[in-house]
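Enquirer: show me the folded form of this:
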Amino acid sequence: MNTKTALITGASTGIGKELAIIHAKTGGNLVIIARNESKLNNLKKELELQYKINVVVIAKDLSDLNAPKEIYDEVKKQGIEIEYLINNAGFGALGKFHELGLARQISMINLNITALTALTHLFLPEFVKRNSGKILNTSSTASLMPGPLQAVYFATKAYVTFFSNALYEELHDTNITVTNLMPGATESEFGSVSGMDKTEMFKETATAYSVALEGYNGMLKGKIDVISGLKPLQKLMMAMIPFTPKKMILKQIRQMQEVK
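Expert: Presented below is the predicted three-dimensional model:
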């Protein structure tokens with residue numbers, strides 16, 4: 001029986017929901033966070049009934065700069081000790097930077113970068129004090145290259161990857177690990193919300209469950225990076241990035257992200 005409590009953001013759908021189910025199966029309690037309270041409550045009922053665990057729902061929009069502190073305060077008020085912090089929430093938007101609305105792109109930065117950073121900063125001191133805990137940050141294979149037609153999204157994920165990797169090394173002399181999950185195209189609401197579901201990049205997608213399972217297991221093992229959901233040709237392309245002229249990479253990525 002796993003007595004460790006996991007806090008998961010973006011838990012109402014996709015990879016986040018699958019991570020919650022996987023953790024519940026181990027017998028661990030949960031704090032699940034997303035904007036959609038009804039979806040979270042449905043998941044709470046399902047998991048509590050099936051796995052006899054406790055699930056706390058906190059409905060918050062993490063693009064709101066006050067949300068991380070409000071979440072932390074609620075967790076403290078309820079006397080919950082978080083052992084696994086899983087920063088999974090994120091979204092993208094497809095289009096030319098100057099043509100997309102600024103407000104939406106600032107919200108993306110707030111969610112993908114600021115909320116993840118704030119939650120990590122709020123909970124990590126407690127992890128260090130007791131010398132235990134694991135962090136899993138959902139980044140993307142997009143973090144390894146620039147992304148024309150998703151300029152801000154790719155850039156936010158580059159931040160997540162390098163931030164996570166830096167913390168991994170900062171904590172080398174503790175029992176705390178920081179794992180960076182880098183999925184490829186994954187079957188989830190991300191594709192339809194961003195518009196990516198109509199592009200070549202999303203022709204073949206990995207299941208949210210398979211990505212979540214690899215990420216969760218990688219977190220338990222304390223891995224620094226987990227690349228998940230790539231087909232053999234995509235793996236080859238990733239391996240070739242450091243040796244390919246940047247202009248060629250940019251052109252390829254733009255073509256893959258154009259709506260056909």
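Enquirer: only C-alpha atoms from now on, for both contacts and neighbour counts.
Expert: Fine.
Enquirer: where exactly do the strands run in the stretch 101-250 of the chain?
Expert: With DSSP state E, counting those that start in this stretch as the criterion, the stretch 101-250 of the chain has strands at 134-138, 177-183, 186-187, 206-207, 225-228.
Enquirer: tell me which of those is the most buried.
Expert: When you average the neighbours per residue for each of the strands of the stretch 101-250 of the chain (mean count of other Cα atoms under 10 Å), strand 177-183 leads with a mean of 27.
Enquirer: and that one, which strands flank it?
Expert: strand 134-138 (parallel), strand 225-228 (parallel) (DSSP bridges).
Enquirer: quick one: closest of those to residue 247.
Expert: strand 225-228 (24.3 Å; Cα to Cα).
Enquirer: how far off centre is that closest one?
Expert: Using Cα atoms, centre = their mean, to the nearest Å, the distance from the centre of strand 225-228 to the centre of the chain it belongs to is 12 Å.
Enquirer: what comes into contact with it?
Expert: Contacts of strand 225-228 from elsewhere in the structure, counted by Cα atoms under 8 Å, 6 or more residues apart in numbering, are 141, 165, 179-184, 211, 214-215, 218.
Enquirer: again, 7 Å this time
Expert: By Cα atoms under 7 Å, 6 or more residues apart in numbering, the list of residues contacting strand 225-228 from outside reads 179-184, 211, 214-215, 218.
Enquirer: just to revisit the earlier point, make JSON lines from the strands paired with strand 177-183 and add distance to residue 243 and mean pLDDT to it.
Expert: As requested, these are exported to JSON lines (distance: least, Cα to Cα, whole Å; pLDDT from 0 to 100):
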{"stretch": "strand 134-138", "distance to residue 243": "26", "mean pLDDT": "98"}
{"stretch": "strand 225-228", "distance to residue 243": "19", "mean pLDDT": "94"}
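Enquirer: can you redo these as JSON lines with distance to residue 21?
Expert: JSON lines is the format used below for these (distance: least, Cα to Cα, whole Å):
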{"stretch": "strand 134-138", "distance to residue 21": "16"}
{"stretch": "strand 225-228", "distance to residue 21": "18"}
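Enquirer: show me where the chain has helices.
Expert: Chain-ordered helices for the chain, with DSSP state H as the definition, fall at 14-25, 37-51, 67-77, 102-109, 116-130, 151-170, 189-194, 208-221, 232-240, 246-257.
Enquirer: quick one: the last one to chain centroid distance?
Expert: Taking Cα atoms, centre = their mean, the mean C-alpha location of helix 246-257 is offset from the chain mean by 24 Å.
Enquirer: count of residues packed around the spatially closest residue to residue 54 that is not a sequence neighbour?
Expert: With Cα to Cα, 6 or more residues apart in numbering as the measure, residue 29 is the residue that lies nearest to residue 54, at 5.1 Å, once sequence neighbours are left out. Residue 29 is flanked by 26 other residues according to other Cα atoms under 10 Å.
Enquirer: what's the answer for residue 96, then?
Expert: Neighbour count for residue 96, taken as other Cα under 10 Å: 13.
Enquirer: pretty sure it is in contact with residue 152, am I right?
Expert: No - if you go by Cα atoms under 7 Å, residue 96 and residue 152 don't touch, sitting 9.9 Å apart.
Enquirer: if we can go back for a sec, would CSV of the strands of the stretch 101-250 of the chain with distance to residue 72 be doable?
Expert: Conversion of the strands of the stretch 101-250 of the chain to CSV gives the following (distance: least, Cα to Cα, whole Å):
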stretch, distance to residue 72
strand 134-138, 15
strand 177-183, 19
strand 186-187, 29
strand 206-207, 31
strand 225-228, 26
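Enquirer: so for residue 255, which of these sits nearest?
Expert: Taking Cα to Cα as the criterion, strand 186-187 is the member of the strands of the stretch 101-250 of the chain that comes nearest to residue 255, at 18.9 Å.
Enquirer: cheers, nothing more for now.
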